[in-house]
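>>> generate a structure from the sequence data that follows.
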Amino acid sequence: MYGEILENVFHLELASWRAIFYGNMARPRAKLLLWNACHQKLPTKERLLRFGLINEAKCNWCAEVETQHHLFFNCHVLREIWAKVLKWIDVDHNPLDWNKEVNWIIKEGGKKKANYRILKTAFTEALYEMWALRNRELFKNSKNNVDVLKRIEDSIVYRSWHSKKIRICISKLLLP
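Residues are numbered from 1 along each chain as shown. Purely as a prediction, here's the structure:
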């Protein structure tokens, strides 16, 4: 019964997202953020407003209410960053909303293993860097998002380089 409630409320199969964690080479802190996101526990402005900790729940980049579903990937700024990451890892896909994106990544698991590990790592590292960008804008009033893509790429390369099969795929991405 609990599984049915979760599936109806969040439109995700019970713990189907766990597949994103297996073989994921992302940093532990990025995986922790992904875990919190999969549990709908990120401290978004909408949640903080519900707890009475803030007075306004508007997104940093638009007038929408900042929810996890809005940030990942209905917000045009973060959607564009994720689209650029997908392009960099040579994946032809238009970003969807949070639940559909998570389910899409899970379904991609049946394809080439090395490319799937890169996709999972890219997704996790991108979420982490996008959340960090949101926090820099919110708490430090930093408006610089130019280096975010470079940071994501560097994390993917650094975290993936130890595996020979994946190193071959990554080296192809690094060539102009």
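
>>> going forward, measure contacts and count neighbours with C-alpha atoms only.
Fine.

>>> by mean pLDDT, flag the weakest helix or strand of this protein.
For the chain, using mean pLDDT, DSSP states H and E, the weakest element among its helices and strands is helix 2-10, scoring a mean of 58.

>>> next SSE after that one?
helix 28-38 (DSSP states H and E).

>>> that next one packs against which elements?
helix 113-140 (3 or more Cα pairs under 8 Å, 6 or more residues apart in numbering; DSSP states H and E).

>>> what about the residue most central in space within the chain, distance to Asn60?
The centroid of the chain falls nearest to Leu127 when counting by Cα atoms, centre = their mean (2.9 Å). Noted for Leu127: a distance of 16 Å to Asn60, by Cα to Cα, to the nearest Å.

>>> can you check Val77 too?
Distance from Val77 to Asn60, by Cα to Cα: 10 Å.

>>> Trp88: what's it in contact with?
Taking Cα atoms under 8 Å, 6 or more residues apart in numbering, we find Trp88 in contact with Leu173.

>>> so where's this structure uncertain?
1-15, 110-111, 176 (pLDDT under 70).

>>> ok, 90 please
Within the chain, the segments meeting pLDDT under 90 span 1-23, 52-56, 60-63, 107-116, 137-147, 160-176.

>>> neighbours around the closest residue to Asn145 other than its chain neighbours, how many?
Closest residue to Asn145 apart from its sequence neighbours, by Cα to Cα, 6 or more residues apart in numbering: Leu133 at 6.9 Å. By the measure other Cα atoms under 10 Å, the count of residues near Leu133 is 18.
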